[in-house]
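S.K.: fold the following.
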Amino acid sequence: MKKNVLLFLLFSVLLTCPVRGADPVPPPEGFSSRAEGAGDGTTWRHCGTVELTYAAAKRNFDLHLRKLGWTKYQTVEFDRIHWKTLELWSNGRERLLVQYWREDPSLTGISWGVMGDDRS
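M.R.: Numbering: from 1, shown residues only. All right, here's what the predicted structure looks like:
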């Protein structure tokens, strides 16, 4: 229970961090973009759907990120009933926050954004 509260607080803080406008993670194949970030660093960089099951979409995007040199740092399944997950990835000093959710049995929503590095 204490671990879940700490993870929730961690991701709550991370969600309020600014998202950089640069796009080191292009959309994967088959991604249907609903909205692209405004580029001002205040929104998710990409948000849309992919016509895959929840598990297949996560595996596909995981492989896509690993091919681009990203390493998974943390995964939090914050709503198992509605199939919602947050993942934190890193690549050097860059951090990437990815959110997955199931819209239909064969349609999965994905949004992601690169978080700014406040240490520089």
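S.K.: low-confidence ranges in the protein?
M.R.: Applying pLDDT under 70 to the chain picks out residues 1-24, 26-43, 116-120.
S.K.: the same query, at a cut-off of 50, please.
M.R.: 5-22, 120 (pLDDT under 50).
S.K.: what segments of the protein are strands?
M.R.: 31-36, 46-50, 71-79, 84-91, 94-104, 107-115 (DSSP state E).
S.K.: for the longest one, packing partners?
M.R.: The reference is to strand 94-104. helix 2-15, helix 54-67, strand 84-91, strand 107-115 (3 or more CB pairs under 8 Å, 6 or more residues apart in numbering; DSSP states H and E). Bear in mind the C-beta positions are built from the backbone N, C-alpha and C, glycine included.
S.K.: check which residues of it are buried.
M.R.: 94-102 (16 or more other CB atoms under 10 Å).
S.K.: which residue comes closest to residue 78 once chain neighbours are left out?
M.R.: Once flanking residues are discounted, residue 78 sits nearest to residue 84: 5.7 Å by CB to CB, 6 or more residues apart in numbering.
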